[in-house]
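1. My questions are about this predicted structure, shown below with the sequence.
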Amino acid sequence: MNTLSAQSLSAKQNLTSPFMTWVFNEQGKSEIMSCAVPGNVHRDLVLNKKIADPLIGTNENDVQWVGEKSWEYTLNDFVCEPNILLHDKIELRLNGIDTYAKVFLNDFFLGETNNAFVQFDFDVKGKILPKGNKLRIVFSPAEAYAKQKLSERILPLPGDSIRAVCRKPQYHFGWDWGPKLVTCGITKNIELVGHTDMLFETFGVETLSLNEGKAQMRAHIHYRADKEEKVSVAFNFGGQIFKEEFVSRVGEHDFIFPFELNEPKLWWPNEAGTPFMYLVQCTLQTASGKANTRVMKAGVRTIELVNKPDEFGESFYFKVNGKSIFMKGANYIPEDGFLPRVTTTTAGPRASQPRSTSSSTESREASTS
């Protein structure tokens, strides 16, 4: 969450919001179709009634051609918000692209993507316009890429070698529980990011130890800076306030500092207690007066894998907050072959099953170590 003003370190504009109208087409074909972004090409073809739902019956066999084609996704005639244009640097941020694509803005070639699991940033300062912009993303077939990479190898790879060289979800190539649908698409939001002097990327916290009503903690602030400058940190952890200062370094860096919580409420896994979460707010302000604030939720807990000699050889169990916990779990596969169709409503009943069956699985995103 950012303060979007002339005195802000950065500003963001979402290009995949419901107010943005994306279209897609098979490369080389003139038919333009509507699409849901974020999403994937198989889902969009189902929505346009070009293919039957491949998760029903034997329809999977009839849609294999989709993964063999190239597909173009286009956002036409969009406006760049004034608070983005105010900044010294402007980047196009692709938070999730599956997988092999070329990216064009206003007919400028920005670059290529090759990994569905990482974020890609492209410099668009001087290329982005106040209005009338066109963003085009051209996806290439993943299997064709994989075959080319394998042909360049001296030694063959064992097993299903096609999936081994592709940095995309492995289940797309088929699994014992799901069909083969080698899809592509914009899987997460695309943003314009404007920043001046410093970009406050992320922050996180970890619990180091618990002792006598206190928690020894550590905060991590990840930033990119264009110059050295004194930076003030205001850190609010559930109402307990901490202040720090550091001098930013040019480039991409982390600022790490310790802090101590008094009488913390602890996060516990299922059946052991309440998974209490704190609201945490972090504000960075430079000496020139520019500032940004980010907010997150975080739990306080320690976790330890105990390996000690015992009568059987060596123990293997976990302690959470100093308490021995018997870990149980479940093999959780994707809710749907098309992840964009999964919502809190559709996933709710399934997500509650581990708790109702006394499984102590936990959300890795909801706790900090």
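-> Cool, the structure landed.
2. what are the ranges of the helices in the stretch 51-200 of the chain?
-> Using DSSP state H, counting those that start in this stretch, the helices of the stretch 51-200 of the chain run over residues 82-85, 142-151, 161-164.
3. Now render the ones you listed as CSV, adding mean neighbour count and mean pLDDT.
-> To be clear about C-beta, it is placed using only N, CA and C from the backbone, and glycine gets the same treatment. Conversion of the helices of the stretch 51-200 of the chain to CSV gives the following (neighbours: other Cβ atoms under 10 Å; pLDDT from 0 to 100):
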stretch, mean neighbour count, mean pLDDT
helix 82-85, 17, 96
helix 142-151, 15, 94
helix 161-164, 16, 91
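4. Wait, a strand at S324?
-> Yes. Under DSSP: H, G, I helix; E, B strand; the rest coil, S324 sits within a strand.
5. Does it touch S315 like I think?
-> No. Contact between S324 and S315 fails when scored by Cβ atoms under 8 Å: they sit 9.9 Å apart.
6. For these two, list the residues in contact with both.
-> Residues within reach of S324 and of S315 at once, by Cβ atoms under 8 Å, 6 or more residues apart in numbering, are V306.
7. where does the chain dip in pLDDT?
-> Counting by pLDDT under 70, the chain contains low-confidence ranges at 1-6, 347-369.
8. any idea how far I190 is from the residue nearest the centre of it?
-> Nearest residue to the geometric centre of the chain (Cα atoms, centre = their mean): N95, 6.2 Å. N95 is 7 Å from I190, where distance means Cβ to Cβ, to the nearest Å.
9. One more: A298?
-> A298 is 27 Å from I190, by Cβ to Cβ.
10. quick one: which of the two has more around it?
-> Shown here are A298 and I190; by other Cβ atoms under 10 Å, I190 has more neighbours (26 against 22).
11. contacting residues around the nearest residue to that one once chain neighbours are set aside?
-> Leaving aside its chain neighbours, I190 sits nearest to L15 (4.5 Å; criterion: Cβ to Cβ, 6 or more residues apart in numbering). Shown in contact with L15 (Cβ under 8 Å, 6+ apart): L75, F78, L135, N189, I190, E191, L192.
12. what's around the closest residue to the second one other than its chain neighbours, how many residues?
-> Read it as F78. Counting by Cβ to Cβ, 6+ apart, the nearest residue to F78 once its immediate chain neighbours are dropped is N133, at 5.0 Å. Number of residues near N133 (other Cβ under 10 Å) recorded here: 19.
13. do the same with F117
-> Using other Cβ under 10 Å: F117 sits among 11 other residues.
14. for L339, same thing?
-> By the criterion of other Cβ under 10 Å, L339 has 16 neighbours.
15. Same question for L279.
-> L279, neighbours per other Cβ under 10 Å, totals 12.
16. Make JSON lines from the contacts of L15 and add distance to T202 to it.
-> Listed next are the contacts of L15 as JSON lines, based on distance: Cβ to Cβ, whole Å:
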{"residue": "L75", "distance to T202": "26"}
{"residue": "F78", "distance to T202": "27"}
{"residue": "L135", "distance to T202": "25"}
{"residue": "N189", "distance to T202": "15"}
{"residue": "I190", "distance to T202": "18"}
{"residue": "E191", "distance to T202": "14"}
{"residue": "L192", "distance to T202": "18"}
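17. In these, which residue is surrounded by the most others?
-> Within the contacts of L15, I190 tops the neighbour count with 26 neighbours, counted by other Cβ under 10 Å.
18. circling back to that earlier point, hmm, which two among the contacts of L15 are most spread apart?
-> Comparing every pair within those by Cβ to Cβ identifies F78 and N189 as the most remote, at 14.1 Å.
19. dump the residue contacts of the residue nearest to F78.
-> Counting by Cβ under 8 Å, 6+ apart, N133 has contacts L75, D77, F78, V79, C80, L105, N106.
20. Report the buried members of the residues you listed.
-> Buried members of those, counted by 16 or more other Cβ atoms under 10 Å: L75, F78, C80, L105.
21. Tell me which two of these sit farthest apart.
-> So, these by Cβ to Cβ: farthest apart are L75 and C80, at 11.8 Å.
22. correct me, but N115 touches T99?
-> Yes. N115 is within contact range of T99, at 6.7 Å (criterion: Cβ under 8 Å).
23. Would you mind listing the residues touching both of the two?
-> By Cβ under 8 Å, 6+ apart, the residues touching both N115 and T99 are R167, K168.
24. out of those two, which sits in the busier spot?
-> Neighbour totals were compared for N115 and T99, and T99 leads with 24 against 14 (other Cβ under 10 Å).
25. The more buried one: what's it in contact with?
-> T113, N114, N115, A116, F139, A142, C166, R167, K168, C184.
26. Can you tell me how far the fifth one is from Y171?
-> Spelled out, that is F139. For F139, the distance to Y171 - Cβ to Cβ - is 18 Å.
27. and what of the third one?
-> Shown here: N115 relative to Y171, a distance of 17 Å by Cβ to Cβ.
28. In stretch 25-35, which residues are buried?
-> E26, C35.
29. quick one, what contacts the nearest residue to T183 once chain neighbours are set aside?
-> Leaving aside its sequence neighbours, T183 sits nearest to N40 (Cβ to Cβ, 6+ apart; 4.3 Å). For N40, the contact set (Cβ under 8 Å, 6+ apart) comprises D98, T183, C184, G185, T187, F338, L339, P340.
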